[in-house]
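> just need the structure, nothing else, for what follows:
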Amino acid sequence: MVLVSLLLGFAAFILHSAMLKELPAPVVSVWPPGLELYSGESVFLQCKMESNSTLTWTYQWYKNTSKTPPTTSHRHSVSGDSYSITAVKREDAGSYWCRAEQRESNVVTEARVVLNVSGRPPPLLTLTPSTRQFFAGERFTLQCPASQSASGWKLRHFSPGRPDRITVDQKRTCPPLDGAIRANTSDGCVFTAASGNSGLYWCEGAGGRSSAVNITVSYGNIILKTPAFAVAEGDKVVLSCHYKIGNQGKTIFLKGNEGEIFTSNSSSSDKAINWTTENVTPKDEGLYRCVSQDGKMESPASWLSVTPDRGTWKWIIVTCSIVLLCLIPLTVWLVKCHRCPTLCTSSWWPLVKDDVPAVPLPATKQDVTEVQWDLSWMEMSSLLDKQLYPGT
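Numbers count the residues shown, from 1 in each chain. Next comes the predicted model:
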């Protein structure tokens with residue numbers, strides 16, 4: 001009986017080892033595709049096991065060499081097999097690990113992807129109106145970079161809730177996809193906002209891809225419209241809270257965990273309440289939402305991206321360069337002085353003690369004490385001997 005148990009255990013071990021050898025690693029997909037991201041855009045990572053197994057897999061995400069899951073924040077969020085980053089920054093570059101685990105068979109496998117954040121400005125995708133949120137039924141237009149329209153740009157769409165991708169070839173009429181129609185005045189495509197329109201949009205061409213924008217379509221009664229792309233420091237920014245059926249008194253604007261930042265009184269007929277920042281700064285960047293006075297209506301959160309003023313950095317660099325140019329000669333001189341002090345005194349300080357011209361002292365009348373001290377040493381010694389030893 002013991003022998004049979006050992007044989008069964010050994011057979012299970014061999015079978016498990018064979019399964020591990022044949023088990024493929026998970027595949028990490030990046031949307032928009034490519035390992036180079038642009039500052040300010042959104043990115044979605046998806047981890048999937050490409051196997052015909054009907055077993056359930058669970059997924060865990062890590063960044064770089066960390067052994068603990070990344071902390072979710074306003075910009076970073078994890079949902080099952082998906083990892084999303086809003087408004088990509090330089091510090092988001094690095095290795096992202098996906099760990100797939102099958103608990104029933106105790107199988108664990110990993111895969112990673114390395115993301116880089118480019119400092120180059122991308123070809124611009126145009127969104128009109130420029131906002132991240134739309135009510136269902138509203139229309140918006142997407143247009144690939146006009147200056148390179150002849151190079152075969154294609155508009156692409158990815159929705160995290162749908163596994164398929166949508167491709168629109170701009171050289172042809174836009175297909176009737178979720179209400180998409182051909183624009184009459186441009187080469188872009190006009191969409192009627194619907195549930196299938198939410199997600200990422202970007203353009204692909206022979207030279208790479210354009211910037212990407214993330215659009216949210218809401219079926220609720222209130223949304224907050226923020227600029228779809230990053231704004232520059234110092235710009236005027238308007239956040240607009242839109243009601244589908246009209247406002248109910250006060251509208252409260254909230255930022256992240258800071259709470260209320262602005263409250264507006266309006267009539268019940270107003271459908272758009274604005275909050276304006278005349279001179280936006282990087283401190284204004286963050287996640288915003290608006291709420292009705294009674295708290296029954298709250299918009300989905302929307303991110304405002306602010307690009308620091310590069311001119312300020314240029315002045316800082318210039319100032320540091322001037323300081324360094326002044327410090328280098330001073331440092332060299334101090335080193336020379338330490339090694340050869342006479343070099344510094346003779347070359348840098350011409351009026352040293354030996355070179356000062358002698359100036360005659362003014363003539364004065366000497367008193368007795370001065371006359372006595374003018375006597376020679378021998379005479380003074382003789383006088384002292386006579387006073388101390390009178391018989392000599």
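
> residue ranges with poor pLDDT in the chain?
Within the chain, the stretches with pLDDT under 70 are 1-23, 51-54, 66-68, 71, 146-152, 162-187, 247-248, 266-269, 310-392.

> now for the longest strand along it, which elements pack on it?
As assigned by DSSP state E, the longest strand anywhere in the chain is strand 107-118. Strand 107-118 is packed against strand 27-31, strand 36-38, strand 43-48, strand 94-102, with contacts defined by 3 or more CB pairs under 8 Å, 6 or more residues apart in numbering; DSSP states H and E. Glycine gets a C-beta too; all of them are placed from N, C-alpha and C.

> which residues are contacting it?
By CB atoms under 8 Å, 6 or more residues apart in numbering, the residues outside strand 107-118 that reach it are 19-20, 23-28, 30, 35-39, 43, 45, 47, 49, 88-90, 92-102.

> what lines up beside it in the sheet?
With DSSP bridges as the test, strand 107-118 is paired with strand 36-38 (parallel), strand 94-102 (antiparallel).

> closest to W303 out of the ones you listed?
With CB to CB as the criterion, W303 lies closest to strand 36-38 of the strands paired with strand 107-118, at 15.1 Å.

> neighbours of the residue nearest to N116 when sequence neighbours are not counted, how many?
Excluding the flanking residues, the one nearest N116 by CB to CB, 6 or more residues apart in numbering is E36, at 5.0 Å. Neighbour count for E36, taken as other CB atoms under 10 Å: 14.

> ok, and the closest non-adjacent residue to K154?
Closest residue in space to K154, ignoring its immediate chain neighbours: E204 at 5.2 Å, by CB to CB, 6+ apart.

> what strand or helix carries the one you found?
strand 199-205 (DSSP states H and E).

> helix or strand next in line after the helix or strand harbouring T276, which one?
Secondary structure assignment for T276, by DSSP H and E: strand 272-277. Following strand 272-277 in sequence order, the next helix or strand is strand 286-292 (DSSP H and E).

> which residues does that following strand contact?
74, 222, 224, 226, 239, 241, 243, 247-256, 273, 297-304.

> how about the CA coordinates for stretch 197-205, as PDB?
This file holds the C-alpha atoms of stretch 197-205, laid out as PDB (Å, rounded to 0.1, in the frame of the first residue of the first chain):
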ATOM      1  CA  ASN A 197     -16.900  55.100 -27.300                       C
ATOM      2  CA  SER A 198     -15.200  55.200 -23.900                       C
ATOM      3  CA  GLY A 199     -11.500  54.400 -23.800                       C
ATOM      4  CA  LEU A 200      -8.200  55.400 -25.500                       C
ATOM      5  CA  TYR A 201      -7.900  57.000 -28.900                       C
ATOM      6  CA  TRP A 202      -4.700  57.600 -30.900                       C
ATOM      7  CA  CYS A 203      -3.400  57.600 -34.400                       C
ATOM      8  CA  GLU A 204      -0.800  55.300 -36.000                       C
ATOM      9  CA  GLY A 205       1.300  55.900 -39.100                       C
END
